[in-house]
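Novice: Got a sequence here, can you model it:
(one chain, ligands or ions: 1)
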Amino acid sequence: MPKLCKAAIQLREQIDDDYPDRDRKSDGWVADARHVAKGTSDHIPDARGIVRALDIDANLNAHPEETYALVEKIRKCAKRGDKRIKYIIYDGKIMSSILGWKRRKYKGANPHRSHFHISFTTLGDNDGKWFDLEGDRNERLKEDGGKLGQDLHRNSPSDVPSGRLGCRCNCKCGSSISLA
Ligand SMILES: [Zn+2]
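Specialist: Numbers count the residues shown, from 1 in each chain. This next block holds a predicted model:
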């Protein structure tokens, strides 16, 4: 029985969470007979039955530009170093680690307009960890010192600047900072 690699299952779940009412007509993963006959596609199960490709319908049932934005998020996630993503094809362009994930012209027969295609590396076979699509994981680590999941008390009254505060840098400079 063919099975989809864990990374692809995770990515599809995240997209489903963000676009619950998206169109799924052009979704797909395991190759049809035509693909198998051609012989080279990550949609074809390997010897262990693992499929390393995912097609996501381009109609997210939201504003049309969100498809581009979503593909951009996946591209940037890969560019930032998520090595589970092998390449992406959408709207006549292919994006891969070649040329640093720049969009390049895709010369295949199907320009991929009704759906976008994501191929995964073998690193994604059993690695279904969350994809950092928003690119804010490092930001958050900086902000709250790595205590992910613990809310910063941004809105607590003591954090709201008011009037003049003494220098809080412990440098004993005795200066005052006006926050008015
Ligand atoms: Zn595909």
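
Novice: Which residue does this structure have closest to the ion?
Specialist: Closest approach between the chain and the ion, counting by Cβ to the ion: residue 117, at 3.5 Å. Where C-beta positions appear, they are placed from N, C-alpha and C, glycine not excepted.

Novice: For residue 15, give its distance to residue 61.
Specialist: 12 Å (Cβ to Cβ, to the nearest Å).

Novice: Need the residues touching each of the two.
Specialist: Common neighbours of residue 15 and residue 61, counting by Cβ atoms under 8 Å, 6 or more residues apart in numbering, are residue 22.

Novice: any low-confidence regions in this structure?
Specialist: 33-39, 138-180 (pLDDT under 70).

Novice: And the helices in it?
Specialist: Here the chain has its helices, by DSSP state H, at 6-18, 33-38, 65-79, 137-144.

Novice: What number of residues are in the vicinity of the residue nearest to the residue of the chain closest to the ion when sequence neighbours are not counted?
Specialist: Nearest residue to residue 117 in three dimensions, chain neighbours excluded: residue 89, at 4.4 Å (Cβ to Cβ, 6 or more residues apart in numbering). Applying other Cβ atoms under 10 Å, we find 22 residues neighbouring residue 89.

Novice: which ones are touching the nearest residue to residue 45 once chain neighbours are set aside?
Specialist: Of all residues not flanking residue 45 in the chain, residue 2 sits nearest, at 3.9 Å (Cβ to Cβ, 6+ apart). By Cβ under 8 Å, 6+ apart, residue 2 lies in contact with 30, 45, 49, 50, 51.

Novice: List the beta-bridge partners for residue 115.
Specialist: Residue 115 forms beta bridges with residue 57, as assigned by DSSP bridges.

Novice: and it, how many neighbours does it have?
Specialist: 21.

Novice: Repeat that for residue 40.
Specialist: Residue 40, neighbours per other Cβ under 10 Å, totals 7.

Novice: Next to the ion, which bits of the protein? Give me the list.
Specialist: Those residues of the chain that sit near the ion, judged by Cβ under 5 Å from the ion, are 55, 117.

Novice: thinking again about what came up before, between residue 15 and residue 61, which one's more packed in?
Specialist: Taking other Cβ under 10 Å, residue 15 and residue 61 do not tie; residue 15 has more neighbours (22 against 12).

Novice: Where do the strands of the chain begin and end?
Specialist: Ranges of strands in the chain, per DSSP state E, are 3-4, 50-51, 53-57, 85-90, 93-96, 103-105, 115-120, 164-166, 176-178.
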